[in-house]
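Colleague: pasting the sequence and the predicted coordinates here, then a few questions.
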Amino acid sequence: AQTVTQSQPEMSVQEAETVTLSCTYDTSESDYYLFWYKQPPSRQMILVIRQEAYKQQNATENRFSVNFQKAAKSFSLKISDSQLGDAAMYFCAYRSNFGNEKLTFGTGTRLTIIP
Amino acid sequence: NAGVTQTPKFRVLKTGQSMTLLCAQDMNHEYMYWYRQDPGMGLRLIHYSVGEGTTAKGEVPDGYNVSRLKKQNFLLGLESAAPSQTSVYFCASSYHRTGLNEQYFGPGTRLTVT
């Protein structure tokens, strides 16, 4: 079974600075997908960024980018120019491409933005 | 376009009571999911549906039942609530279950069982 580990329960960053959230996963599969979701205090889960495992190029969405290291099974999220609205829980998630229906989530990292 | 909606947003039950959580989506998605979120554990899949009239078990299905009588609705039932079912419940939907297809989440239902 796949597992997703987020080793940083809490992180903080000064507004306008850059922060990196770490995520590692364990799988024996070679074809899969990785996601970062944001959950603000409203509880709404919002997709931040996604990555296909067979694509070597790291995904980027505006101020959000990932560092995908397939051999190391690492999928970190970098947030540049942090804004107050980035404060939230961030969840890393894994999805197999072999008929497995579920997203496997990590335990989350709570990000605080310091004004 | 409301996306994914959930009813109710909050509920308190006594042990042994029953209730149904309603999820509705207006995006014509085939796939729908029910997750629960507990402190320190992320989200875990309870049940899911790949189309109208179909349901399947997820990771933590015990104590729950589901129905998908209409494509846009996915109901989660608790027949006899237990304190261990105190959680936040999320519904999600997507066009397809695999690949990069995004799962769209509802706002969640906070359930407390006393």
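Modeller: All right, it came through fine.
Colleague: write out the residues of chain B neighbouring chain A.
Modeller: Residues of chain B found near chain A (Cβ under 8 Å from any Cβ of the partner chain) are B:31, B:33, B:40-45, B:48, B:50, B:56, B:58-59, B:88, B:90, B:92, B:97-100, B:102-103, B:105, B:107-108. C-betas here are computed from N, CA, C, even on glycine.
Colleague: could you flag which of the residues you listed are buried?
Modeller: B:31, B:33, B:42-45, B:48, B:58, B:88, B:90, B:92, B:97-98, B:100, B:103, B:105, B:107-108 (16 or more other Cβ atoms under 10 Å in any protein chain shown).
Colleague: show the pLDDT at the spatially most central residue of chain A.
Modeller: The centre of chain A sits closest to residue A:36, judged by Cα atoms, centre = their mean, with a distance of 3.3 Å. What the model reports for residue A:36 is a pLDDT of 97.
Colleague: so it bridges to which residues?
Modeller: When assigned by DSSP bridges, residue A:36 has beta-bridge partners residue A:49, residue A:92.
Colleague: that one contacts residue A:91, correct?
Modeller: Yes - at 7.2 Å, residue A:36 counts as touching residue A:91 under the criterion of Cβ atoms under 8 Å.
Colleague: in stretch B:79-87, which residues are buried?
Modeller: For stretch B:79-87, by 16+ other Cβ under 10 Å, it's B:81, B:85-87.
Colleague: and of those residues, the nearest to chain A?
Modeller: Closest approach between the buried residues of stretch B:79-87 and chain A, by Cβ to the nearest Cβ: residue B:87, at 12.2 Å.
Colleague: which element is the nearest residue to that closest one once chain neighbours are set aside on?
Modeller: Distances taken as Cβ to Cβ, 6 or more residues apart in numbering or on different chains put residue B:36 closest to residue B:87, at 4.3 Å, once the chain neighbours are dropped. Element membership for residue B:36, per DSSP states H and E: strand B:31-37.
Colleague: skip ahead from that strand and say which helix or strand is next.
Modeller: Next element after strand B:31-37 (DSSP H and E): strand B:43-49.
Colleague: now that next one and strand B:31-37, what's the angle there?
Modeller: Angle of strand B:43-49 versus strand B:31-37, following axes from the mean of the first three to the mean of the last three Cα atoms, to 10 degrees, is 150 degrees.
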